[in-house]
Structure formats: C-alpha cells, structure tokens
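Engineer: The following block contains a protein sequence and its predicted model.
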Amino acid sequence: MKDEALAARCRALRLVLTDVDGVLTDGTVLILGMVLARRAGLRLGLLSGRASESVAARAAELRLEVVRQGVSDKRAVFEEILREQGLRAPEVAYMGDDLNDLCVLTEVGLSAAPADAPFEVRAQAFMVTEARGGQGCFREFLEAILKARGQWEPLLAEIGAVLP
C-alpha cells in the first residue's frame, strides 16, 4: 500500500528540496544521486536555516535551481518558492531533519526525514530513510523517488551502470 502511495506522490513531483545541516552535511557530498535526479527532469534546491559560503559555492557548482539560506521562516520562503517556480505543494518533495522543517514537511507532496531526525519529524514524514543525516539519506531519498517513477534503471543504463 505504501509503495503505491509513494509511486503516486512521486509521479507528480517537479522539484525536490532539502534542508542542509543534518541532511546533506557530514563533510561528504554525495553527488551522483543529484545528477541522476536532474537527468530525470527534476529540479533540485536547498532551503536552509543557516547560511554558509561553502554551501552557496557547492549549490552553484551543482547548478541547483533553488537556493535559500539563512531562512528563519521556512513556511513563508516555501510559499515564495512555489510562486517563483510556478508549482503547487503536491509537486514538491522535501527532506528535513528538525522541528523547524515541520511547516514544510506537512505541506509538500512527498516528505522525508533521515533516520536520526527527532521523533516528531520522523512521525510527520511520509518516508524515513535508513541512512542518518549526512550519511547518504538524501541520495536514498532521490533513489526512492526515481525508482517509484520507473526512472532508476533507465538512468543507470544511460550512464553505463550494470545492475546485478
């Protein structure tokens, strides 16, 4: 049942947003999942409470379509993003790891939290990854989206990856 619901939510997606600290960060950036998601036609972006020059540089390098840092009111900025991108909330996926992410997690079409997010966040998320924040959870989220949309294997074939 949840697989069918995941597939239905994933088909409507056009933008995938994520928080940075606690989701992407641990000193390692896992880029291939982001590259494959972009190849599949998904726009990617960041919505973070903190501001960091290194994150801005990485976002520019990855050509992320949406980058909002130093955000104190994530709900208001999320609404701005929807207007600017011409999207509705069900067309957006969001991964967040803390209480200040709840206002976005409860609005989007597909929400996720890393395994080590607080209980309140995990309870609200549609998907909780097996990976902890900064340890591949966003890659896991993107992979689940692409698999549910039926795009994972074709994308792997495009890049010459061989499945066992």
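Structural biologist: Okay, I see it. Computed from a predicted structure; not experimentally measured.

Engineer: What is the three-state secondary structure of the nearest residue to residue 78 once chain neighbours are set aside?
Structural biologist: Once flanking residues are discounted, residue 78 sits nearest to residue 104: 4.9 Å by Cβ to Cβ, 6 or more residues apart in numbering. C-beta coordinates here come from the backbone N, C-alpha and C atoms, glycine included. Three-state assignment for residue 104 (DSSP: H, G, I helix; E, B strand; the rest coil): helix.

Engineer: neighbours around residue 40, how many?
Structural biologist: Residue 40: 18 surrounding residues under other Cβ atoms under 10 Å.

Engineer: wait, isn't it in contact with residue 143?
Structural biologist: No - counting by Cβ atoms under 8 Å, residue 40 stays clear of residue 143, with 11.0 Å between them.

Engineer: What distance do you get for residue 64 to residue 13?
Structural biologist: The gap separating residue 64 from residue 13 is 16 Å, by Cβ to Cβ, to the nearest Å.

Engineer: neighbour count winner among the two?
Structural biologist: Each of residue 64 and residue 13 has its neighbours counted (other Cβ under 10 Å); residue 13 has more, 23 against 19.
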